[in-house]
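Colleague: missing the sequence, but the structure's below:
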């Protein structure tokens, strides 16, 4: 199964900051990738709020390494596409090599 990258816009309205949270893992479609990334985020948030350790990555690669209270993801604006490593052999021409 291919790996996907899910980019989720995030914002911290108290500090006026914006960014993107990136998730990666295996999925059969972009829609499934967004759903699985959202599940990983929800699991991390629930664990943190319960005072528990954030779960590690599942066998399919989906997981969250941390959770920052005050940062809100914009899930409807999330995008997903197959993950492409910037260090793969197929992209060396991008760097002029």
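Modeller: Sure, I can see it. Everything quoted here is computed from the prediction, not taken from an experiment.
Colleague: tell me where the protein has strands.
Modeller: Remark: strands assigned in the chain by DSSP state E are 3-12, 17-26, 72-73, 79-82.
Colleague: residue 64 touches residue 39, doesn't it?
Modeller: No - look at residue 64 against residue 39 with Cβ atoms under 8 Å: they stay out of range, at 9.9 Å. Where C-beta positions appear, they are placed from N, C-alpha and C, glycine not excepted.
Colleague: on that earlier part again, right, so the strands of the chain: which one is the most enclosed?
Modeller: Mean neighbour count (mean count of other Cβ atoms under 10 Å) peaks for strand 3-12 among the strands of the chain, with a mean of 18.
Colleague: ok, for the residue most central in space within the chain, nearest residue in space, not its chain neighbours?
Modeller: Note on the chain: the residue nearest the mean C-alpha position is residue 23, at 1.7 Å, using Cα atoms, centre = their mean. Nearest-residue entry for residue 23: residue 37, 3.7 Å, with adjacent residues in sequence omitted and distances by Cβ to Cβ, 6 or more residues apart in numbering.
Colleague: local confidence estimate at the one you found?
Modeller: On the pLDDT scale, residue 37 is placed at 95.
Colleague: check contacts around it.
Modeller: Taking Cβ atoms under 8 Å, 6 or more residues apart in numbering, we find residue 37 in contact with 6, 8, 23, 25, 62, 78, 80.
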